[in-house]
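Undergrad: Okay, here's the prediction I keep looking at, along with the sequence it came from:
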Amino acid sequence: MVSIDRRLFASFAFAAALLVPCGIATAEPDAKPGPASSPASILAPSGKLRAGLYPGTPTSYLAGRDGGTPRGVGYELGKALAEKLGVPYEPVVFKKNAEVLEAVQSGAVDVAFTNASVARAKVMDFAPAYLDIELGYLVRAGSPVASVDTVDQKGTKIGVTKGSSSDGVLSRDLKNAEVVRAETVGLAAEMLKEGKIDAFATNKATLFEMSDKVPGSKVLDGRWGMERHAVAIPKGRDAGLPFVRSFTAEVKANGLVAGAVERAGLRGAQVSEMK
């Protein structure tokens, strides 16, 4: 009887062993959880902060005069964020903002400084705004557009940067004027000079910069909207957002944003109110 019981016990033990899934490790009773990920490892997983920037606008990047230090609010904020994280800074300058946005979505860059539109918030995460900028129009000499209210007329050609938030809004809202897309801000300035467009639409910080390069042009009074620029990071790194929010509040309070605005010669913008 005893030998039968032992055989039965051995059979039961063998069958039970077959029911245990392979490859599943069990935790040791006194095992401790690993250390929480640091903001640097979340926001700059490559070990350096890659900041997406684009040239021709003081909100993002302006090459240094005679090979000197670059300027631009985005450039300076990226440098400050890298220092705050304790990682090297790598500014990545693209030809146009649309390429910056694509790089944020793909994770090719770690951070960007751009208009926090509703559409963009679906594909990247934003901290609170640090800069408010009016949206307006730059008109060429002799343009039929005399005011913001007279833009939407048949025969009028309004330039926008291809794929920009201005493109998205005005392509929808303008019912009579023709929207003409330019690949870059620099090309848009040439189009204004040559009379290929009657006005160009974007934020006033960029418009004032363009006006210096287009003789006889002027930025119209009034606005058709507002841009609120904020720090953007790729989706999936939301664990780093509290750090970015704190950073944004700090650089607004300590005067870094205001100083960067002044150094870049940015016009038509103001530091966002504290929230």
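TA: Thanks, I have the structure now.
Undergrad: ranges for the helices of the stretch 101-250 of the chain?
TA: Using DSSP state H, counting those that start in this stretch, the helices of the stretch 101-250 of the chain run over residues 165-173, 185-193, 204-211, 241-253.
Undergrad: ranking those helices by burial, who's on top?
TA: With neighbours defined as mean count of other C-beta atoms under 10 Å, the helices of the stretch 101-250 of the chain peak in mean count at helix 204-211, which reaches a mean of 23. (Each C-beta comes from the backbone N, C-alpha and C, glycine too.)
Undergrad: got the CA positions of it in PDB?
TA: Taking only C-alpha atoms (Å, rounded to 0.1, in the frame of the first residue of the first chain), the coordinates of helix 204-211 have been written out as PDB:
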ATOM      1  CA  LYS A 204       4.700  88.400 -36.500                       C
ATOM      2  CA  ALA A 205       8.100  87.500 -35.100                       C
ATOM      3  CA  THR A 206       9.000  85.900 -38.400                       C
ATOM      4  CA  LEU A 207       7.200  88.600 -40.500                       C
ATOM      5  CA  PHE A 208       9.300  91.400 -39.000                       C
ATOM      6  CA  GLU A 209      12.400  89.400 -39.700                       C
ATOM      7  CA  MET A 210      11.300  88.900 -43.300                       C
ATOM      8  CA  SER A 211      10.300  92.600 -43.700                       C
END
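Undergrad: what's the distance between the residue nearest to Arg263 when sequence neighbours are not counted and Asp221?
TA: In space, not counting the residues next to it along the chain, Arg263 is nearest to Arg71; the distance is 5.5 Å by C-beta to C-beta, 6 or more residues apart in numbering. Spatial separation of Arg71 from Asp221 under the definition C-beta to C-beta, to the nearest Å is 27 Å.
Undergrad: who has more neighbours, these two?
TA: Set side by side, Arg71 and Asp221 show unequal neighbour counts under other C-beta atoms under 10 Å, the larger going to Arg71 at 18 against 9.
Undergrad: low pLDDT regions in the chain?
TA: When the per-residue scores of the chain are filtered using pLDDT under 70, the ranges that remain are 1-36, 274-275.
Undergrad: If we use 80, what do you get?
TA: For the chain, the stretches with pLDDT under 80 are 1-36, 56, 65-67, 274-275.
Undergrad: Quickly list the domain ranges of it.
TA: Structural domains annotated on the chain: 42-132+227-271, 133-225, as defined by automatic domain parsing.
Undergrad: Appreciated, that's everything.
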